[in-house]
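> show me how the following folds:
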Amino acid sequence: MFDRLLFWLREKARLLFGENTTVSVSVSDSMENAIVLWAQMYDSGGPWCHGGKNPLHSLGLPKSVASELARLTTLEMECLVSGSARADSINTMLQPFIADLRTPVEYGCALGGILFRPFLDAEGRIQIDAVQGDCFCPTRFDSSGRMTGAIFYDHLVRGNRIYTRLEDHEFSGSTYSVTVKAFRSMTSADLGIEVPLTDVPEWAAISRTLSFPA
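Here you go, the predicted model:
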């Protein structure tokens, strides 16, 4: 799915996000192929373990290696935010995420990277979404090489329909802006047609556009 997502964004970025968009997928072909292969190796051993007359049996080494690296990385890890009432509040909300950090780190080891995205839930609490390497792609960088834009991808299946959500995030100057679009398709081979976010109950509360000083 990741390779098809990149194809859609390369071919249709202006159609998806408007003629004035500066979206440009900054993932090389070799990295794209590597992420797809790493995901297959982690999930099922690799493409060589399927099909053919004599498919190979995977020992699950990629998953085991990623799991052990994550275990060693988080074994004695501590994270504390302190110094003010606000810091204490952030620390309280952060600790449940830190307690379960081993699994996201394992995904990051398996796919070459992971992105932690904070957001507010329906009750106004800060949550942190761990976005795997095959669910986002960088789109913009500043002169120092720091990533200033990315598109996040998520999808849900409802019966025979596939709903895809694309979020274009951009940090420019002192403003952080987000544009969200949803699509519906009958096949994973295409994004399909754009639909309102309210068509998916889980996305109904998400704003289509948002900007705030950062």
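> all helices for the chain, in order.
Here the chain has its helices, by DSSP state H, at 2-17, 29-44, 61-74, 85-99, 102-111.
> so what touches the third one?
Outside of helix 61-74, the residues that reach it under the criterion C-beta atoms under 8 Å, 6 or more residues apart in numbering are 38, 41-42, 45-46, 101-103, 105-110. For the C-beta atoms, the positions are set from N, CA and C on the backbone; glycine is no exception.
> weed out the non-buried ones from those residues.
Buried by 16 or more other C-beta atoms under 10 Å: 38, 41-42, 45-46, 101, 105-110, out of these.
> JSON lines please, covering those residues and showing distance to residue 125 and pLDDT.
Listed next are the buried ones among the contacts of helix 61-74 as JSON lines, based on distance: C-beta to C-beta, whole Å; pLDDT from 0 to 100:
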{"residue": "38", "distance to residue 125": "33", "pLDDT": "89"}
{"residue": "41", "distance to residue 125": "36", "pLDDT": "90"}
{"residue": "42", "distance to residue 125": "31", "pLDDT": "90"}
{"residue": "45", "distance to residue 125": "39", "pLDDT": "86"}
{"residue": "46", "distance to residue 125": "40", "pLDDT": "83"}
{"residue": "101", "distance to residue 125": "18", "pLDDT": "93"}
{"residue": "105", "distance to residue 125": "23", "pLDDT": "94"}
{"residue": "106", "distance to residue 125": "25", "pLDDT": "95"}
{"residue": "107", "distance to residue 125": "23", "pLDDT": "92"}
{"residue": "108", "distance to residue 125": "24", "pLDDT": "92"}
{"residue": "109", "distance to residue 125": "28", "pLDDT": "93"}
{"residue": "110", "distance to residue 125": "29", "pLDDT": "92"}
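> residue 178 is in contact with residue 168, correct?
Yes - using C-beta atoms under 8 Å, residue 168 makes contact with residue 178 at a distance of 7.0 Å.
> of the two, who's got more company?
It is residue 168, of residue 168 and residue 178, that has more neighbours when counted by other C-beta atoms under 10 Å, with 24 against 16.
> leaving out the residues flanking it, which one is nearest to the more buried one?
The spatial neighbour of residue 168 that comes closest, neighbours along the chain excluded (C-beta to C-beta, 6 or more residues apart in numbering), is residue 179 at 4.4 Å.
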